[in-house]
Structure formats: C-alpha cells, structure tokens
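Engineer: structure for this input, please:
(2 chains)
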2 protein chains.
Amino acid sequence: MQIQIDPTRLQSEIEMLATISEAEPPAVTRIVYSDVDRRARSWFIGLCEAAGLHSRIDAIGDIFVRLEGAEPDLPAIGTGSHIDAIPFAGSYDGTVGVLGGLEAIRAIKESGLHLRRSIELLLFTAEEPTRFGIGCFGSRLLTGVLDSTADDNLRDSEGLTLAQLRQQAGYIGSLESVRLPRDYYAAFVELHIEQGPLLERERVSIGIVTNIAAPAGLRISIEGEGGHAGAVLMPDRRDAFCAAAEIVLAVEKSARGTGAIDTCGTVGKCQIHPGAVNSIPSKVLLEVDIRDTDEQRRNRVLEEVKDACARIASARGVIIRLELVNADSPAHSSAGIIDAIVEATEALGLSYKKMVSRAYHDSLFMARIAPMSMIFIPCRGGVSHRPDEFAAPEDIANGTRVLAHTLAHLASQ
Amino acid sequence: MQIQIDPTRLQSEIEMLATISEAEPPAVTRIVYSDVDRRARSWFIGLCEAAGLHSRIDAIGDIFVRLEGAEPDLPAIGTGSHIDAIPFAGSYDGTVGVLGGLEAIRAIKESGLHLRRSIELLLFTAEEPTRFGIGCFGSRLLTGVLDSTADDNLRDSEGLTLAQLRQQAGYIGSLESVRLPRDYYAAFVELHIEQGPLLERERVSIGIVTNIAAPAGLRISIEGEGGHAGAVLMPDRRDAFCAAAEIVLAVEKSARGTGAIDTCGTVGKCQIHPGAVNSIPSKVLLEVDIRDTDEQRRNRVLEEVKDACARIASARGVIIRLELVNADSPAHSSAGIIDAIVEATEALGLSYKKMVSRAYHDSLFMARIAPMSMIFIPCRGGVSHRPDEFAAPEDIANGTRVLAHTLAHLASQ
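Structural biologist: Numbers count the residues shown, from 1 in each chain, chains lettered A, B, ... in the order given. Presented below is the predicted three-dimensional model:
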C-alpha cells in the first residue's frame, strides 16, 4: 500500500484535543471564539506546521491547510470538518474529520504520490449552533448562504454581534472576503462519525452518504404575565411556562405523527424569566430543531407547530412569536465522489453501506459550491453530543484510510 | 395625635432603597449576600444610626434595631420584614415593612410616649427563596425550624454553602446563636403590601391578617437520555424536557382541580442540561411551589403531583426524583394582636378588612415563638414580584400609622 496512515499518532491527537475543553473530562465543551476554541486552533496550526503544511485563516477563523499539487491553479480537492463542541459533548463529533483529514494529508504527503490537484483541509468555524443559534455559520458564509449582514444580525445570548466576537478573537477583514468562488473545489469529502446506530448495528465499517437531511430551526418566544406564585389565582394566570410546556409536547407529537421514522423534533433550549420558584414565569424562550430527510414532510411539521402555537396563544391569552432561524434544503451527494469512495473502500477490503445522514454537517452547504459526499464511521450506540460518545480507534483509522485514498484518487484526476 | 409619622421621608427612603439593585430601574433584583444586598444593609444601618437607634447583627445577617422601653428585660414588641428581592421584582415587597417599621419606631421615639416594653425592628435575612431554594431561611433559623445543619445543607446554584456565603458576606459565628428564645417577643406585627387584589378592589385601606397560607416547595429532577437531535429517532428517545413539560401541566391541572380558589401551583424555575438547540435534553431540574390556605388540600395536590411524576417516569422511561424542600403549616394570628390592630385602625378612622394571606412571610415562622399578626396595605392590581409592583404613598403612610399605633399600644402593656 502506497499511503500509510499512522493510527497511533492520530489517536493521541484526538485525545489531546479532547483535553482542550471548558468541561471536565470526559465531557467536552468548546464554544466558538471562546478561549479554549482559540487554544485548540493554535494547537492545530502547530500540528500542521510540524507536518510542513502551511495554513491561511479567513476573516471568521476558517483555517485552510494546503498540500500543493502539480497544477496548483486547478480547483482543489477539499476535506474537513469542525472542532467546536456543544456544552458537555464528546471527543469525536467533527474532530475525527479534522484530525483524520490532517492524518490523511500527511500520509499522502509522506507517500510521495504524484498529485495533479492540490488537496486542502478546511477547519470550519462553528458548525454547532450553540453560540449564534444557527448551525454551520462558517460554511454558510463560505458558500454564500449567509451574506455580510451576518456581522450585525448574528448575536449570542449576551447580545454580542458576530462582528464584535470575531474581532475579539483576532479575526478581522470583511465578511465578503470569506465567500469561496464556485470553482474553488473540484470535490469536497467530509469524514465524520455516524451519530446514529446503523453502522454499528449492521457491523459495517464505512457509511457512504448519499443525502443529508434538511434541518430547520425555530425560535419561539412566549410572553404571558408574571406575578407572585401565591397571590395570583389560577384562573387569572397567563403563565408563559405552562404555554411553553404545551408547545414542547406539540413539537413532539407532530414529529412523531408524520408516520416516518426520519422525522425528528427537539426542544433543546429553554430560558425562563424571571426564573424564581415563587414567581409566575412571564416570558419563556424555546429553541426548536425539526429535521427530516424529506423537506416537504419537515415543512408540514413546521406548519403544525405554528398552528399549535396559535391555538395555545389564543387559549391561554399569551403572545407567542415564532422566528424561523433557518430552514435549509437537503443536499445530494455527487455520484462521482460516491464512486471514488466505493472504490477506495473496496480496495482496502472494507465493508460499506450507502446511507442518509440525518445529522447536520458543513457538507450540506459545501454541496452548493462543489460536488460533495461524506464518509461515515460507526460510533458506539449511535450516541453523539454526549460525554460518552465513542468511536473505536480501528474504525477511525479505517475511515481515515478511505479518506486518504479517496482524496489521492480525486487529486490525481 | 401623639405619634406623627413623616410620609415624605419614608417615601424617599423607599425610593432610595429601590436604586440599590442589580437590575435596571424600575426592576429591582437584590439577592441575599450579594454586593447590592450588603450595600442596602449598610445604608439601612446608617438610617437607624442617624435616628439614634442602635442595632445588632446576628450570625446570618439578621439586623435587630431596638428602641428601649422602661422595662428592657420584658419580652419586646417586634416588627419587621425583608429587603431581598427576587430577580426583576419591584420596590415594595418587604421594604415597606422594614422602612415603614423604622418610620413607626422613629415616630414613637419622637412622640416621647412612655413605653413599658422595648420595640424592636427586625430586618430578616433572605425571605425570598432565590438563592437557596427555600423561603424565609432567616426566620426559619431564628425560630428553630432550621437547625445548624443548614450551614452545610443549604447551597446555592453554584454549589456554595450557607456557611461559605455568610462568611464571605462578613457574618460569622455559630448558627445555634441565631435562634431566638421563646419569650424574646411578646408580640410580632409585620407590615406588608397585600400582593393580591382584594383591598384595592374593595377600596379598603388596611387588611388585618387572620391566617397565613401554607406553602410547599418541591424540587423535581428528571433524568432521561441525551443525544443528537437529528440522529436519535423519536421512538428511541427518553427526552427529559418532554417529561418536564408533562409535569408542568400536571402541576397546573392539580392546582386548578381542587375546586378551591385558594390553591396555587407554579413551576417558576427550569434548568435544562446540556441546553443546546440540537441536543436532546438529558436532565431537567424543576422547582415547584404549591400553596393553599388549607394544609390538607395542599397536601393532596402534592400527592397528585407525585403520582403524576410516577406515571410520567414509567411511560417515558425516565427517572424522576422529588425532593420536598419545605412543607410548612399555616399560621394563625393572635386574637389579641388582631384586636390591637383593629383598635388602631378605628382610632385613625381607616377602613379595614380581616383576611387570609396567601403569600409567604417571615411572620409564618415568627408565629411559632410569638403571638403574631400582619397589617396589609393595598397594591395596584394585586401585582407583586414584578417591576410594576406599586403601593400608593398614602396607603404606605396609613399602614405605617396603624403599625406605629399598634406597636405603641402593645409596648405600653
């Protein structure tokens, strides 16, 4: 075999990155533009430099690490993922694609293989929606799905704008400069843990992604009337949290009611005002995630949730406002890249399965400017976004081998 | 009239105190042992000293301000209330009883009336449950309802113990020293805004409290299973927040279902873990307040909520733990003090009404060591625990006059 990855080095780097976290191990919390996020990025750039790979950083912190091909003016072959982690998450979501991508490129470099095209590793800024309430804002900006108004329109829960936060983190320059031209990449391939149970359950080494499900985010604010928990009588109340509770159950009911296993509805965030045990909640903010492999079906769930909110507002005398934070279309993989991954997997003697990605990835947006597919590896119990998220070293190594062979093949064309 | 209060001075002191707050005016936030709480206490002690009244402070920060009587060894006549305020509350809850109490004592002092017993003003530490999840912890300790284990058992949301927090705030000494002997007060009278709509609605100046409703506090923790909001399918979920939503609605239903207007059930606090829009909630903590003028009826609601939690836990495969934070008995006012208040009110030519207090007060606990009653004044719309809480200066002045006359009369006996 010409391309030899180093699984031990890769594994120790994944473990090292997990220690750069705001949460106690094994939990990982790494919020974009926080101190730990910046420390993790510096450490990552150090790894690239040690491998003789140069990097550039754009105006929001996306990091591009390039292995030059013989014809550097041709559109490159891209790979990459993210290193930000939601509160109390695990060690593998995103990081396997970044550090596996780096290992693949190092192995290709060390192999001395002739590359026609350059290969580029992309560390995306903020795939997770934790800070700004919108997922993939890095890849949205790279692909023109978000424009430069995001500088003022994206705010974190403390009211700081993207413009303020990226400047504080040391990333300057106009947002316009972030957008990539349509012919920047000839292909984009992302390595990722499955975040679902199928590969493990079916004992398959590699998942090859044919479609990425379409997520939608809703922000629902409920305004009722506060007051003293002892003194305002029950019939006189307009309790914002009771209304919120009905909305939470309505989201669940609608998501379960489509008859399709692929519909998911989740209310993951809830803020109560004023938030005292003896005070009736006057305001509640909910953040809702609805996703499906079928865009029409997902949009019907959105409509049902809106209808439920209108009914609840009317019955309880509260004001409910819905803001559609995002409602993206599903992405379809490139047949050519799927074929290249199949070929690499077969050459390595690994089992594979073509599958849908129900989780959200930067590749959803990269598909808008380049042919795209993704390589999935099994993760234990399908668990993700939790401290006990786990991918076996052997599976990570296999995924990285498939990635390396796929990138090398695509770069030779 | 022998006793002349100064309503202008009192009003300006109430307005001044409202500015010592963590929240922007008109909202008031004053959490026990915070910097603003300590600043407010220093300012209050300054007022007392300016009036020639000496104070002592106990090991948790309760402040006792004494006007000596001719026979200082006799049990004193007590009055007082609190100055802590829940997040985004108003200017009158508690403060009217503290500053009105001070004004009453100053007026009695200036009147030169002969007092047999001493009159003592008590500023209670932390009537509100914001920090420790338990209301009236000052009066609970003063009256032996809580013992010295509270030093380690009471913790705030950051895990700091009462022992640590009171020491940081400068209050040292053993918790045992806080408890008052049973014959410390011959009578205790608290002035307070009604926090309900009845006095305003019926255009009555003074409410004379015959009973205080019995509150109970529940802390409910729900443990489900987290995971990625896109990847864990709906039938496989054990979403802690969906379970919490059902509990919130069960509390509301049980409180409304007693058939009695006096039953109230409120879920005022909710914490979600991990709290990210694309992560299924794995843990939720709810804080519940259930109160009633009838203890048996309140306890039946508690039982119903427990039963509902068991059903929800079983149906959803989540673990639900209930902790009864407090479940106090109602307090009954002293007939003798009620008579003294009636007499003072009639002598001043004011209308009055005997009534139940549905809200929670330090007097609930003071009733355990002394004959007790309360003087209520109207507040606009019955609104409390909100920035728009309001009591008219004239009503505050009337309440303070009734308090002064009542204290003087009781101290003469």
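Engineer: show me where the stretch 251-400 of chain A has its strands.
Structural biologist: A:264-273, A:279-280, A:283-292, A:319-327, A:331-332, A:352-357, A:372-377 (DSSP state E, counting those that start in this stretch).
Engineer: redo those as a markdown table? Include mean pLDDT and mean neighbour count.
Structural biologist: Every C-beta, even on glycine, is put in place using the N, C-alpha and C of the backbone. A markdown table is the format used below for these (pLDDT from 0 to 100; neighbours: other Cβ atoms under 10 Å in any protein chain shown):
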| stretch | mean pLDDT | mean neighbour count |
| --- | --- | --- |
| strand A:264-273 | 96 | 24 |
| strand A:279-280 | 93 | 29 |
| strand A:283-292 | 95 | 24 |
| strand A:319-327 | 94 | 16 |
| strand A:331-332 | 91 | 17 |
| strand A:352-357 | 94 | 19 |
| strand A:372-377 | 98 | 28 |
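Engineer: all helices for the stretch 201-350 of chain A, in order.
Structural biologist: With helices called from DSSP state H, counting those that start in this stretch, the stretch 201-350 of chain A shows them at A:240-256, A:295-316, A:335-347.
Engineer: next, count neighbours for A:Pro181.
Structural biologist: A:Pro181 is flanked by 9 other residues according to other Cβ atoms under 10 Å in any protein chain shown.
Engineer: my bad, A:Leu162
Structural biologist: Counted with other Cβ under 10 Å, A:Leu162 comes out at 26.
Engineer: picking up where we left off before, among the helices of the stretch 201-350 of chain A, which comes closest to chain B?
Structural biologist: helix A:240-256 (3.8 Å; Cβ to the nearest Cβ).
Engineer: just the CA coordinates for that closest one, please, in CSV.
Structural biologist: Output in CSV follows, covering the C-alpha atoms of helix A:240-256 (Å, rounded to 0.1, in the frame of the first residue of the first chain):
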residue,chain,number,x,y,z
ALA,A,240,-45.7,31.6,29.9
PHE,A,241,-44.1,28.4,31.1
CYS,A,242,-47.4,26.4,31.0
ALA,A,243,-47.8,27.6,27.4
ALA,A,244,-44.2,26.6,26.7
ALA,A,245,-44.9,23.1,28.1
GLU,A,246,-47.8,22.7,25.7
ILE,A,247,-45.6,23.7,22.8
VAL,A,248,-42.9,21.2,23.8
LEU,A,249,-45.4,18.4,23.7
ALA,A,250,-46.9,19.7,20.4
VAL,A,251,-43.5,19.6,18.8
GLU,A,252,-43.0,16.0,20.0
LYS,A,253,-46.5,15.0,18.8
SER,A,254,-46.1,16.5,15.4
ALA,A,255,-42.7,14.9,14.8
ARG,A,256,-44.0,11.5,15.9
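Engineer: do that helix and chain B meet at all?
Structural biologist: Yes. In terms of Cβ under 8 Å from any Cβ of the partner chain, part of helix A:240-256 sits within range of chain B, namely A:241-242, A:244-246, A:248-249, A:252, A:255-256.
Engineer: most neighbours, which of those residues?
Structural biologist: A:Ala244 leads the residues of helix A:240-256 next to chain B on contacts (other Cβ under 10 Å) with 30 neighbours.
Engineer: that residue reaches A:Val288, doesn't it?
Structural biologist: No. Using Cβ atoms under 8 Å, A:Ala244 makes no contact with A:Val288, being 10.8 Å away.
Engineer: intersection of neighbour lists for these two?
Structural biologist: A:Ile220 (Cβ atoms under 8 Å, 6 or more residues apart in numbering or on different chains).
Engineer: okay, and the helix or strand of chain A with the least pLDDT?
Structural biologist: The helix or strand of chain A with the poorest confidence is strand A:227-228; it has a mean of 86 (mean pLDDT, DSSP states H and E).
Engineer: partner strands of it, with direction?
Structural biologist: Applying DSSP bridges, strand A:227-228 is found paired with strand A:279-280 (antiparallel).
Engineer: what's in contact with the strand it pairs with?
Structural biologist: For strand A:279-280, with Cβ under 8 Å, 6+ apart as the criterion, the contacting residues are A:224-229, A:232, A:237, A:239, B:86-87, B:89, B:266, B:268, B:385.
Engineer: just those residues now: which is nearest B:Ala340?
Structural biologist: A:His228 (27.4 Å; Cβ to Cβ).
Engineer: separation between that closest one and B:Cys264?
Structural biologist: Counting by Cβ to Cβ, to the nearest Å, the gap from A:His228 to B:Cys264 is 9 Å.
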